[in-house]
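>>> Turn this into a model:
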Amino acid sequence: MRRRIASMAVALMVAFGCTFVAAAPAQAHNQWQCPHGQSCLFSNIDGGGWIFNIVWSGNPRNTCVNLPWQYRNQASSVVADFGSGWDLMLYQDYGCTDNPDRFGSPSHKNFVWCNTCNGYWWLNDDVEAFKIVQ
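Prediction:
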């Protein structure tokens, strides 16, 4: 009887367009849609809007990387999640000429001002370059 009820429930869910989501393996996780092992910049707070992925294996370490022009001065939040002791440094100036803000793995932050959130408000719409550092 239980099997019939379960089968009927599944059939109804499929008929009404419900989506089934399989559980991810324990080691796989995302922060704000940013895959583990990467860092990401987002155009909105809480990982909303467009995503600019910063892939550890696709970028030189300890070297300044300027954001493509269409992503400069647009980010409002960040995820840093390279793992293995690698962190993300964000710069307000093209060419990494200013003092950076360091984001350790794993972390996620909004670039907003508020009394209680300890946001990085000075970075909001003001990130132009990054480095991957240890």
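>>> tally of neighbours for residue 67?
Neighbours of residue 67 under the rule other CB atoms under 10 Å: 20. Every residue, glycine included, has its C-beta placed from N, CA and C.
>>> Ok, residue 40 next?
Neighbour count for residue 40, taken as other CB under 10 Å: 25.
>>> quick one: it from residue 115, how far?
Distance of residue 40 to residue 115, given as CB to CB, to the nearest Å: 27 Å.
>>> now swap in residue 77 and tell me
18 Å.
>>> which one of those two has more residues nearby?
Neighbour count, other CB under 10 Å: between residue 77 and residue 115, residue 77 has more, with 25 against 5.
>>> pLDDT score for the more buried one?
Note for residue 77: predicted pLDDT of 96.
>>> now swap in residue 133 and tell me
Per-residue pLDDT puts residue 133 at 96.
>>> How about residue 41?
Reading off the confidence values, residue 41 has pLDDT 98.
>>> On the three-state scheme, it is what?
strand (DSSP: H, G, I helix; E, B strand; the rest coil).
>>> my read: it touches residue 125, true?
No: if you go by CB atoms under 8 Å, residue 41 and residue 125 don't touch, sitting 11.2 Å apart.
>>> quick one: which of these two has more around it?
Higher neighbour count among residue 41 and residue 125: residue 41, with 26 against 11, using other CB under 10 Å.
>>> so how far is residue 115 from that one?
From residue 41 to residue 115 the distance is 25 Å (CB to CB).
>>> how distant is stretch 107-118 from the center of its chain?
Distance of stretch 107-118 from the chain centroid (CA atoms, centre = their mean, to the nearest Å) equals 15 Å.
>>> Identify the residues contacting it?
31-32, 34, 45-47, 75-81, 103, 119-127 (CB atoms under 8 Å, 6 or more residues apart in numbering).
>>> Okay, strands next: where are they in this structure?
Taking DSSP state E as the test, the strands found in the chain are 30-31, 34-35, 38-42, 51-55, 65-66, 77-80, 87-91, 101-103, 107-110, 129-133.
>>> most packed of these?
Mean neighbour count (mean count of other CB atoms under 10 Å) peaks for strand 77-80 among the strands of the chain, with a mean of 27.
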